[in-house]
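K.L.:
Fold the following, please.
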Amino acid sequence: MSDSDDEPSFLRENWPWILLPALVVLAVVAYFVLSSGGGGDFQYGDF
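P.N.:
The predicted structure is shown next:
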């Protein structure tokens with residue numbers, strides 16, 4: 001099965017483009033949580 005062999009190489013070549021957007025999303029969520037005083041007015045359902 002060549003598909004299983006392609007996945008590791010795909011992640012190895014493209015991990016920055018997977019990790020960077022994830023870090024940006026985490027940073028935005030953390031900013032909203034911290035800026036709202038611990039998520040008092042922040043509703044996760046808005047996403």
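K.L.:
quick one: average pLDDT of the helix or strand where Tyr31 lies?
P.N.:
Using DSSP states H and E, Tyr31 sits within helix 2-35. Mean per-residue pLDDT for helix 2-35: 84.
K.L.:
Point out the other helices and strands that that helix packs with.
P.N.:
Helices and strands touching helix 2-35, by 3 or more CB pairs under 8 Å, 6 or more residues apart in numbering; DSSP states H and E: there are none. To be clear about C-beta, it is placed using only N, CA and C from the backbone, and glycine gets the same treatment.
K.L.:
Show me what counts as buried in that helix.
P.N.:
Neighbour counts using 16 or more other CB atoms under 10 Å place no residue of helix 2-35 among the buried ones.
K.L.:
So Ser9 versus Trp15, what's the distance?
P.N.:
11 Å (CB to CB, to the nearest Å).
K.L.:
From Ser35, how far off is Trp17?
P.N.:
For Trp17 relative to Ser35 (CB to CB), the value is 28 Å.
K.L.:
Ok, Ile18 next?
P.N.:
Relative to Ser35, and taking CB to CB, Ile18 is found at 27 Å.
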